[in-house]
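1. Below are the sequence and a predicted model; questions follow.
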Amino acid sequence: MPAAPELALAIIGGTGLYALADLQDIETHQPVTRYGAPSGPIRIGTLAGKRVAFLARHGEGHSVPPHRINYRANLAALKAVGAQRVLALNTVGGITERFGPRVLGCPDQLIDYTWGRISTLSEEAGSDVLHVDFGDPYTPLLRREILTAATAAGVAVVDGGCYAATQGPRLETRAEIARMRRDGCDVVGMTGMPEAGLARELGLDYACLAIVANWAAGAGPDPDEQITLEEVLAHVEAASAGLGPLLSALLAQA
Ligand code: HPA
């Protein structure tokens, strides 16, 4: 049997993004890794003429909350099916002015405010101790390719910014968001870490495309506004219109 063509890209979908609409000829894989099972099946198919894998980070029915995601299993499973490049789609709240609802951003930095998550492959006694470089948490070349693809596709994507990874599942207090702004954060989400760090430990190229679903607590023009799930999902759906053309352009470069 001829070997399967290489995977051009693996995509991890976040809140509101549970499948890739245009993925064709889908095969389903359910790899179980040494870290356990991933959040759900990996769907591998053809998108824009290239082989692409998709995994819904929270499960296809959004049954896994951010702090209970088996991030290690998700990334190890993607690696096991042949992924080398991972595009993480993360739904976020916007903190600074450039990141209002429906904006797409490609951050270049992050601050990890999560706690109690298994955040390394070195967790078990006897495993190798990994001190990977993480000064640039997102692979610069993959970020560049995403931004070039966005320009080619005519999709606006903000270049750079700092992602604050919070524990969730509750949203933040206004004081927490004010502190994150002082820390230099631009967007806030609950799933960016340990995913990015584990990808680095596994030697995967990894970049984030952040989809702004709402103003973070107290950050928008109406500081008293409450965040609702309906608002989050409606903004993600609207912002996702740019994803198809951006992905096609990205895959055309692969
Ligand atoms: N905070 C944290 N995570 C989020 C938010 C938010 O405001 N919106 C979408 N994901």
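-> Cool, got the structure. Numbers count the residues shown, from 1 in each chain.
2. separation between Leu75 and Leu202?
-> Shown here: Leu75 relative to Leu202, a distance of 6 Å by C-beta to C-beta, to the nearest Å. Every residue, glycine included, has its C-beta placed from N, CA and C.
3. These two: who's more crowded?
-> Leu75 (31 against 19; other C-beta atoms under 10 Å).
4. which residues does the more buried one contact?
-> Each residue near Leu75 by C-beta atoms under 8 Å, 6 or more residues apart in numbering is listed here: 86, 195, 198-199, 202, 204.
5. again with Thr114
-> 67, 165-167, 190, 193-194.
6. again, only using 10 Å
-> 66-67, 164-168, 190-194 (C-beta atoms under 10 Å, 6 or more residues apart in numbering).
7. which residues are common contacts for Leu75 and Leu202?
-> Residues touching both Leu75 and Leu202 by C-beta under 10 Å, 6+ apart: 83, 86, 121.
8. List the buried residues in the helix or strand containing the second one.
-> This points to Val86. For Val86, the enclosing helix or strand under DSSP states H and E is strand 85-94. Neighbour counts over strand 85-94 (16 or more other C-beta atoms under 10 Å) mark 85-94 as buried.
9. what residues does stretch 138-145 touch?
-> Residues outside stretch 138-145 that contact it (C-beta under 10 Å, 6+ apart): 9, 85-88, 106-110, 136, 146, 159-160, 163, 192, 196, 199-200, 204-209, 249-250, 253-254.
10. Produce a ChimeraX select command limited to the buried residues of those.
-> This is how ChimeraX selects the buried members of the contacts of stretch 138-145, with burial counted by 16+ other C-beta under 10 Å:
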select :9,85,86,87,88,106,107,108,109,110,146,163,192,196,199,200,204,205,206,207,208,209,249,250,254
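11. Now, the contacts of stretch 138-145 that are in helices?
-> Of these, the ones assigned to helices by DSSP state H are 146, 196, 199-200, 249-250, 253.
12. and which of the residues you listed is nearest Gln24?
-> Of all the ones in helices among the contacts of stretch 138-145, Gln24 sits closest to Leu250, with 17.0 Å by C-beta to C-beta.
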